[in-house]
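Engineer: any chance you can model this:
(one chain, ligands or ions: 1)
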Amino acid sequence: MAKKTTGRSRSGVDSAGSGALATTDDRRPAALDWDYAPAPESAAIGRIRERYQMFSGGKFLEGNGPDLVSINPATEQSLATVSTASTGDVDDAVRAARSAYDRVWSTMSGAERGKYLFRIARGIAERARELAVVETLDNGKPIKESRDVDVPTASAHFFYHAGWADKLEHAGFGPRPRPLGVAGQVIPWNFPLLMAAWKIAPALAAGNTVVIKPAETTPLSILVLAEIIADADLPPGVVNILPGAGDIGAHLVTHPALDKVAFTGSTEVGRQIQRSLAGTGRKLTLELGGKAANIIFDDAPIDQAVEGIVNGIFFNQGHVCCAGSRLLVQESVAEEVIDKLTERISTLRLGDPMDKNTDIGAINSAAQLATITSLAQSGEDEGAQRWTAACPIPDHGYFFPPTVFTDVSQSMRIAREEIFGPVLSVLTFRTPDEAVAKANNTPYGLSAGVWTEKGSRILGMANALRAGVVWANTFNRFDPAAAFGGYKESGFGREGGRSGLAAYLDTDEGAA
Ligand code: NDP
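Structural biologist: From the prediction side, this is the model:
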């Protein structure tokens, strides 16, 4: 990417910004104070309206819950007012979903269902730029991430599952896999559109209908998805989208007329849901928190590993359930890795999420910023060494600079609790066994990363790590064909791939 001098007079660039080099005494050019020219995406592309309605029974309707105002976390300005559902609206939506299931969706051929999914996938792709802008304004994530990851992967999930819709009988689920019925789904704020796609696409492909609640702080992109779904002429009631607060989520997931519940969010809420569904016989999948270990062996390609560490913890401001938030480095290379890492982090650009050059955007809410700030403070209080990138913080909005803690012990809160922010805790190890023991020393078990050039070590570690996903010499890679999910307090059930479909099917015993 082209760089541009700013005309500031630090570090050898002349104050007129002409780019003329000053030289040091040994006649080498001094370091240039180069900066990126601002490259903001236009907010107008998002076509954000003043008011949004819920989508139920195939119609956009005013809900009977209190309005909510969605805030741009990078500016603290309000973006739009959103009508929310009441408990009565949830009941109506579940009824609409049941009727759509009985009348049309469960009896439609897989090939026909697949056509609708293809249309939705195409609709997302056609409105990709608009969706990326909406997501970035509403969530705070950098535009380059919503543009290059969230939106294309959401579309890919519909494409992938469209292909499954007419092949379920041949997928190893036995001769007659059947849909479950009506699914109640609740999603979080970290990947609003992508989580909607993860939940809706497999449910529809398998022949279920859906009532879904987005997070309070990020309702907008899924309501654009509702327009795409309406434009695809999906039969009314097959997908119902109900913005609302946690109490509406609680009413939805405990609704007695549901056949399946799928939740992504905090372990605490996941636990409550599991407790309230115990004994009902309803199928449940939970995708909860994580505290992933990213493990660097001394034979790893260090420069690539440093990129992987940065991607592992700073992607999406660290608001990622599978973030590599615990770095485990082999002692013999720890100094080199940390030096290179802090040097690399110092080049990250934090600021306006709408700027295409921004690496670290805004924290999604004031509440999440407070959580991150207090957990980082606990790291200092418990005796870890804190290093924070010296990047300027914007005057408005919720921002937290990339932060690395060293001298971390396993008992500290920053090594045990999900921070869900741009904060990395570094621990060291001497042997592979010690790395495994430390990596598994967590109540979570969602993901892990292994960096080494030895294939046998990768396979050995993947077997020994209690994590649903283990990345080797990479991190945070997502593909609709790959199953994703956790062990222990990270939840159960899988999303994506063939096993993700199984979570929405009633199969003959032992066949799946
Ligand atoms: P929550 O688990 O509270 O929120 C996730 C979703 O559940 C939201 O849609 C929320 O609605 C809804 N919800 C809240 N309470 C209930 C309930 N009793 N029954 C059903 N649904 C409910 O997460 P938070 O947003 O409060 O984040 C807290 C922490 O959780 C984070 O700091 C992070 O550590 C972790 N987290 C993990 C995620 C993951 O991907 N695994 C995602 C998000 C958070 P509403 O938004 O209206 O409250």
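Engineer: beta partners for the one residue in the stretch 1-150 of the chain that gets nearest to the ligand?
Structural biologist: Across the stretch 1-150 of the chain, no residue is closer to the ligand than residue 68, which sits at 8.5 Å (Cβ to the nearest ligand atom). All C-beta atoms are positioned from the backbone trio N, CA, C, and that covers glycine. Counting by DSSP bridges, residue 68 forms beta bridges with residue 82.
Engineer: so it makes contact with residue 215?
Structural biologist: No. With contact defined as Cβ atoms under 8 Å, residue 68 and residue 215 do not form a contacting pair (10.6 Å).
Engineer: who's more crowded, these two?
Structural biologist: residue 215 (24 against 18; other Cβ atoms under 10 Å).
Engineer: so the residue lying closest to that one once chain neighbours are set aside, which of the three states?
Structural biologist: Taking Cβ to Cβ, 6 or more residues apart in numbering, and ignoring the residues beside it in sequence, residue 215 has residue 189 as its nearest neighbour in space, at 3.7 Å. Classification of residue 189 by DSSP: H, G, I helix; E, B strand; the rest coil places it in coil.
Engineer: wait, what's in contact with residue 497?
Structural biologist: By Cβ atoms under 8 Å, 6 or more residues apart in numbering, the contact set of residue 497 is 480, 481, 482, 483.
Engineer: give me phi/psi at the most centrally placed residue in the chain?
Structural biologist: In the chain, the residue lying closest to the centroid (Cα atoms, centre = their mean) is residue 191, at 4.0 Å. Phi and psi for residue 191, reported as degrees, to the nearest 10, are phi -140, psi 70.
Engineer: the one 5 residues further on now?
Structural biologist: In terms of degrees, to the nearest 10, the main-chain angles of residue 196 are phi -60, psi -40.
Engineer: and for it, the neighbour number?
Structural biologist: By other Cβ under 10 Å, 23 other residues sit near residue 196.
Engineer: what about it, distance to the ligand?
Structural biologist: 11 Å (Cβ to the nearest ligand atom, to the nearest Å).
Engineer: not counting its neighbours along the chain, what's nearest that residue?
Structural biologist: residue 222 (4.7 Å).
Engineer: what's the answer for residue 95, then?
Structural biologist: In space, and not counting its chain neighbours, residue 95 is closest to residue 257: 7.5 Å by Cβ to Cβ, 6+ apart.
Engineer: SS state for the one you found?
Structural biologist: Residue 257 - assigned by three-state DSSP - is coil.
Engineer: which residues does it contact?
Structural biologist: Applying Cβ under 8 Å, 6+ apart, one finds that residue 257 lies in contact with 94, 95, 98, 182.
Engineer: from those, pick the one nearest residue 119.
Structural biologist: Using Cβ to Cβ, residue 182 comes nearest to residue 119 of the contacts of residue 257, at 22.0 Å.
Engineer: mind checking how far the closest one is from the ligand?
Structural biologist: As for residue 182, its distance to the ligand is 16 Å (criterion: Cβ to the nearest ligand atom).
Engineer: now do residue 365
Structural biologist: 8 Å.
Engineer: correct me if wrong: that residue contacts residue 73.
Structural biologist: Yes. Contact criterion Cβ under 8 Å: residue 365 and residue 73 qualify, at 6.2 Å.
Engineer: list the residues that contact both of those two?
Structural biologist: Common neighbours of residue 365 and residue 73, using Cβ under 8 Å, 6+ apart, are 217, 398.
Engineer: near the ligand, which residues of the stretch 251-400 of the chain show up?
Structural biologist: For the stretch 251-400 of the chain, the contact set with the ligand under Cβ under 6 Å from any ligand atom comprises 253, 264-266, 269, 272-273, 287-289, 321, 368, 371.
Engineer: PyMOL command for the buried members of those?
Structural biologist: Buried members of these, defined by 16 or more other Cβ atoms under 10 Å, are picked up in PyMOL with:
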select buried, resi 253+264+265+269+272+273+287+288+289+321+368+371
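Engineer: where in the chain is pLDDT low?
Structural biologist: Across the chain, the ranges flagged by pLDDT under 70 are 1-33, 509-512.
Engineer: what domains does the record give for it?
Structural biologist: The chain breaks down by automatic domain parsing into domains covering 43-288+491-505, 293-479.
Engineer: end-to-end on the last one?
Structural biologist: When the termini of domain 293-479 are compared using Cα to Cα, to the nearest Å, they are 21 Å apart.
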